[in-house]
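>>> generate a structure from the sequence data that follows.
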Amino acid sequence: MEIMMTSGINVAMQGTTKSEILRELADLAVENGKVTDAAGFYKDLCLREDESTTGFGGGIAIPHAKSAFVSEVGVLVGRGANLVEWEAMDGQPVQCWICLLVPETGGQEHLRLLSQLSRKLVDPEFVGKLKTGTENEILALVQGVIS
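Below is the predicted model of the structure:
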């Protein structure tokens, strides 16, 4: 299966809190066949957030977790109209999320994806397209980074 698919992109996230967004992402992961249990994966995402924020800055967060509930590596993208407090590094709220799904044993893949995406998130053109693009544009944009 592909690491990322159009069905793993939701440009109409409804959540207004970090918890609500993480639940939406966990549900989306299950819908895409990448996670076996939404509640378990949600808990793992929350535990990772408790360690330190995944709020990158510039309105973007990269929630991620290595989890026993992840059946295969994946990337989801969410975007919403609501500005969500995320304790981001720049202190600004977040409205765009790139969620990394990594099996418990996928340490190297986790670091590779995180590194590749983090480097692109300092590119204003990349960030602009992520925040305004259609599902197909976002798919092409992110696949160009992670492939």
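
>>> give the contact list for W86.
Residues counted as contacts of W86 (Cβ atoms under 8 Å, 6 or more residues apart in numbering) are K18, T53, T54, G55, A61, P93, V94. All C-beta atoms are positioned from the backbone trio N, CA, C, and that covers glycine.

>>> give the full set of residues in contact with the third one.
In this structure, T54 makes contact with R48, A61, I62, P63, H64, W86, judged by Cβ under 8 Å, 6+ apart.

>>> before we move on, back to that, and the buried ones among the contacts of W86, selectable in PyMOL?
Listed next is the PyMOL selection for buried residues among these, using 16 or more other Cβ atoms under 10 Å:
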select buried, resi 18+53+54+55+61+94
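
>>> okay, now G58: neighbour count?
When neighbours are counted by other Cβ atoms under 10 Å, G58 registers 18.

>>> adjust the sequence numbering to begin at 50 for everything that follows.
With the count now opening at 50, the last piece we talked about shows up as G107.

>>> hmm, it is touching G140, no?
No - G107 is not in contact with G140 according to Cβ atoms under 8 Å; the separation is 11.4 Å.

>>> now the residue nearest the centre of the chain: how far from K169?
The residue lying closest to the centre of the chain (Cα atoms, centre = their mean) is C148, at 1.6 Å. Per Cβ to Cβ, to the nearest Å, C148 is found 16 Å from K169.
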